[in-house]
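Visitor: How does the following fold in three dimensions:
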Amino acid sequence: MDSRTLERGAAAGRLLILPVGALEAHGPHLPLGADLLQAERTAEALAERIDAWVAPGLPYGVCPGTRRFPGTVSHSMSTLSTCVAELLEDFHRFGFRRILVLSGHGAGSHMAALREAAARCLELHPSGLRIAVLCDYEFVYELRGKESPPGDGHAGLLETSRVMALSPGSVRPERPKVDYGVPPSLVGPITDEQWPESVIGDTTQASEELGKKVQSYVLDRLVETVARALPA
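Guide: Presented below is the predicted three-dimensional model:
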């Protein structure tokens with residue numbers, strides 16, 4: 001896209017979507033960049049449905065839980081928040097007044113950093129600017145207990161199936177089954193016995209068919225959410 005086309009679109013009130021991912025271990029079967037891959041593909045599909053534009057994705061996030069697994073790269077919360085706040089500030093400077101920050105990575109500290117960035121930008125521009133921050137896994141995990149066991153999670157059945165649907169060539173043939181034994185209230189290092197591989201759940205029944213069903217559900221929920229939170 002050229003500079004003047006962007007200028008005209010922003011002035012016309014176009015919604016801008018910023019995909020955010022993470023470089024993070026997803027077991028032996030999914031790519032390290034699975035979170036950005038999902039966020040970008042979802043942003044592109046959503047943009048087609050609601051006539052929005054998609055900014056280049058941000059590939060790194062805050063990943064404290066998986067840092068001990070090879071391939072995980074983690075910003076601090078303050079670094080990610082500052083980076084995203086600066087991006088949002090420039091998007092506002094270009095003329096965008098409706099922005100969706102769409103994350104494919106849902107760690108609590110990661111999402112808190114994104115929301116802090118949005119809050120900083122809104123404090124500087126209290127009128128005329130609207131920003132929504134969400135993770136598409138808020139909607140994926142609404143299907144737990146329906147399309148997957150209730151305990152399904154990171155790189156598990158739903159995520160493996162979704163990546164199979166969005167990028168089948170990136171999924172390796174291994175189908176791990178991992179019991180996640182970390183107490184919900186635990187603070188501090190996680191042992192190999194508590195979490196031996198960067199997967200939560202049983203991926204043996206993963207399928208492209210299920211992934212397409214998950215993705216369709218996510219897109220429908222996103223369209224509803226954008227219409228409510230960021231109306232034209």
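Visitor: So which residue is dead centre in this structure?
Guide: Nearest to the geometric centre of the chain sits residue 104, at 1.3 Å (Cα atoms, centre = their mean).
Visitor: got a list of what that one touches?
Guide: Counting by Cβ atoms under 8 Å, 6 or more residues apart in numbering, residue 104 makes contact with 19-22, 34-40, 42, 135-137. All C-beta atoms are positioned from the backbone trio N, CA, C, and that covers glycine.
Visitor: Give me the buried stretch members for stretch 216-232, please.
Guide: 217-219, 221-222, 225-226, 230 (16 or more other Cβ atoms under 10 Å).
Visitor: quick one: which of those sit in strands?
Guide: The members of these all map outside strands under DSSP state E.
Visitor: before we move on, back to that, show me which of the contacts of residue 104 are buried.
Guide: Looks like these have 19-22, 34-40, 42, 135-137 buried, using 16+ other Cβ under 10 Å.
Visitor: So which of those are in helices?
Guide: Secondary structure from DSSP state H places 34-40, 42, 137 of the buried ones among the contacts of residue 104 in helices.
Visitor: Out of these, the closest to residue 144 would be?
Guide: residue 137 (10.2 Å; Cβ to Cβ).
Visitor: The closest one against residue 108, yeah?
Guide: No - applying Cβ atoms under 8 Å, one finds residue 137 not in contact with residue 108, separated by 11.8 Å.
Visitor: how many other residues sit next to residue 149?
Guide: Neighbourhood size, residue 149 [other Cβ atoms under 10 Å]: 14.
Visitor: How about the one 5 residues further on?
Guide: Around residue 154 sit 25 other residues, with neighbours defined as other Cβ under 10 Å.
Visitor: picking up where we left off before, going by distance to residue 168, which of the contacts of residue 104 wins?
Guide: residue 37 (11.7 Å).
Visitor: Relative to residue 116, how far out is the closest one?
Guide: For residue 37, the distance to residue 116 equals 25 Å [Cβ to Cβ, to the nearest Å].
Visitor: Output the contacting helices and strands for the longest helix belonging to the chain.
Guide: What stands out as the longest helix in the chain, according to DSSP H, is helix 208-229. If you count contacts as 3 or more Cβ pairs under 8 Å, 6 or more residues apart in numbering; DSSP states H and E, helix 208-229 packs onto helix 34-50, strand 130-135, helix 137-140, helix 157-166.
Visitor: Pick the most deeply packed of those.
Guide: Stretch with highest mean neighbour count among the helices and strands packed on helix 208-229: helix 157-166 (a mean of 26; mean count of other Cβ atoms under 10 Å).
Visitor: That helix versus helix 34-50: what angle between them?
Guide: Counting by axes from the mean of the first three to the mean of the last three Cα atoms, to 10 degrees, helix 157-166 lies at 60 degrees to helix 34-50.
Visitor: From the contact counts, what lies against the next helix or strand after helix 157-166?
Guide: The helix or strand immediately downstream of helix 157-166 is strand 177-178, counting by DSSP states H and E. On a contact count with 3+ Cβ pairs under 8 Å, 6+ apart, strand 177-178 meets strand 201-202.
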